[in-house]
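K.L.:
here are the coordinates; sequence isn't available:
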């Protein structure tokens, strides 16, 4: 049985992932500040689930939980993602989406995490009349897309520095 940590695990995508991980027999730690996620999305009666009310920009809190329950894999889904909110709150978007991702990576390094999967977005691509390909060059048109592209850069550099397996999933409309 592996231990998985899911940042943003009480959100729509996160709660679906948590359910799947539990169904696969894993132990799951959800790390969420509940700004958009909801506790009632989670199967809180499952003894293999631990829910931590925490924010990814709280570096000390994030590091503490990863030291207490070292995860085998971290699924990093926590982010500000509602585009109108991102446009109106650019600094907060960068603080949470970029600085928060760096805090997650730092905590992963300290805890000896072996795998990281981070949610990126189709917003890293520019606007196009054709289907995107993973080989298309990023060309974000807003702060959200730019923040997710920068997250991918952080993830790539983190992998190069540490050798820890990292993947970014460019999610489209869910």
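P.N.:
Okay, I see it. Keep in mind that this is a model prediction, so the values were computed, not measured.
K.L.:
Please list all residues in contact with the nearest residue to residue 69 once chain neighbours are set aside.
P.N.:
Nearest residue to residue 69, sequence neighbours excluded (C-beta to C-beta, 6 or more residues apart in numbering): residue 29, at 5.5 Å. For the C-beta atoms, the positions are set from N, CA and C on the backbone; glycine is no exception. Going by C-beta atoms under 8 Å, 6 or more residues apart in numbering, residue 29 touches 3-6, 9, 50-52, 65, 69, 71.
K.L.:
And the helices in this structure, which stretches?
P.N.:
12-23, 59-68, 83-88, 90-94, 100-111, 143-162 (DSSP state H).
K.L.:
partners of the residue nearest the centre of the chain in the sheet?
P.N.:
In the chain, the C-alpha nearest the mean C-alpha coordinate belongs to residue 76, at 2.0 Å (C-alpha atoms, centre = their mean). Note on residue 76: beta-bridge partners by DSSP bridges are residue 7, residue 118.
K.L.:
hang on, it packs against residue 101?
P.N.:
Yes - Residue 76 lies in contact with residue 101 (C-beta atoms under 8 Å); the separation is 6.6 Å.
K.L.:
Between those two, which contacts overlap?
P.N.:
With C-beta under 8 Å, 6+ apart as the test, residue 76 and residue 101 both reach 56, 118.
K.L.:
which regions of this structure sit below the pLDDT cut-off?
P.N.:
Within the chain, no stretch falls below the threshold (pLDDT under 70).
K.L.:
Return the residues in contact with residue 158.
P.N.:
Residue 158 neighbours (C-beta under 8 Å, 6+ apart): 105, 108-109, 116, 164, 166.
K.L.:
Equivalent analysis for residue 136, please.
P.N.:
125, 128.
K.L.:
try 7 Å this time
P.N.:
Residue 136 makes contacts with residue 125, as judged by C-beta atoms under 7 Å, 6 or more residues apart in numbering.
K.L.:
circling back to that earlier point, so the residue nearest to the centre of the chain touches residue 102, yeah?
P.N.:
No - applying C-beta atoms under 7 Å as the test, residue 76 and residue 102 come out as separate, 10.8 Å apart.
K.L.:
For the residue nearest to residue 69, which residues count as its bridge partners?
P.N.:
residue 5, residue 50.
K.L.:
how near is it to residue 62?
P.N.:
Per C-beta to C-beta, to the nearest Å, residue 29 is found 11 Å from residue 62.
K.L.:
Thank you kindly, that will do.
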